[in-house]
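> Next come a sequence and a model predicted from it.
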Amino acid sequence: RMETDCNPVELPNNVGFEEDSDYRDFEGTDVKDMRLEAEAVVNDVLFAVSNMFVSKTLPCAEDVAYINVETRERNRYCLELTEAGLRVVGYDFDQTDDRLQTPYHETVYSLLDSLSPAYREVFGNALLQRLEALKKESQS
């Protein structure tokens, strides 16, 4: 049995990931390609910011990716995405400052919530509209 840092979810014996070719290369670890993760983050919240994209200048790797975001208040940030979460590493697109000691956020939502009141408003309104739509669906 492989040693891991975290408590792995116990799977029933009949779940056969080993045979599945998509998982064979990972050998039981949950390595994520951070560029793919970063693209998913961008797609999730792009509607609530002015601009957001994965950096093409800064190096992406298996364990780190950089995302540029411009809030609706026109503030620009460079975000670092790692297994630890997301944090601000610079105050312009494609800029990193090693001296910055900003906290990690588990989700892009909490990070943007802390940076942008306009994001919070747009995201909240979108959530309310979605809830209203679900309510109408369940009534019909």
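On my side now, so go ahead.

> so how many other residues sit close to the closest residue to residue 116 other than its chain neighbours?
Counting by Cβ to Cβ, 6 or more residues apart in numbering, residue 116 lies nearest to residue 71, which is 3.9 Å off, once chain neighbours are set aside. Using the backbone N, CA and C atoms, a C-beta is placed for each residue, glycine as well. When neighbours are counted by other Cβ atoms under 10 Å, residue 71 registers 19.

> Roughly how far does residue 71 sit from residue 135?
Plainly put, residue 71 is 30 Å away from residue 135 if you go by Cβ to Cβ, to the nearest Å.

> so the residue nearest to residue 116 sits right up against residue 51, yeah?
No: using Cβ atoms under 8 Å, residue 71 is not in contact with residue 51; the gap is 9.0 Å.

> pLDDT at residue 26, what is it?
At residue 26, the model reports a pLDDT of 43.

> do the same with residue 45
96.

> where along the chain do the strands fall?
Assigned by DSSP state E, the strands in the chain fall at 51-54, 65-70, 76-82, 85-90.

> now for the second one, which elements pack on it?
Here strand 65-70 touches helix 34-45, strand 51-54, strand 76-82, going by 3 or more Cβ pairs under 8 Å, 6 or more residues apart in numbering; DSSP states H and E.

> Touching the first one from outside, list them.
Okay, so that is helix 34-45. With contacts defined as Cβ atoms under 8 Å, 6 or more residues apart in numbering, helix 34-45 is touched by 52-54, 60-67, 81-82, 86, 108-109, 112, 119, 123.

> circling back: next one: the residue nearest to residue 116 from residue 93, what distance?
Residue 71 is 12 Å from residue 93, by Cβ to Cβ.

> same question, residue 126
For residue 126, the distance to residue 93 - Cβ to Cβ - is 25 Å.

> Let me know the average pLDDT across the longest helix along the chain.
Longest helix in the chain by number of residues (criterion: DSSP state H): helix 117-139. Averaging pLDDT along helix 117-139 yields 94.

> What of stretch 93-107?
96.

> what's the closest non-adjacent residue to residue 80?
Among residues not flanking residue 80 along the chain, residue 89 sits closest, at 4.5 Å (Cβ to Cβ, 6+ apart).

> Good, wrapping up.
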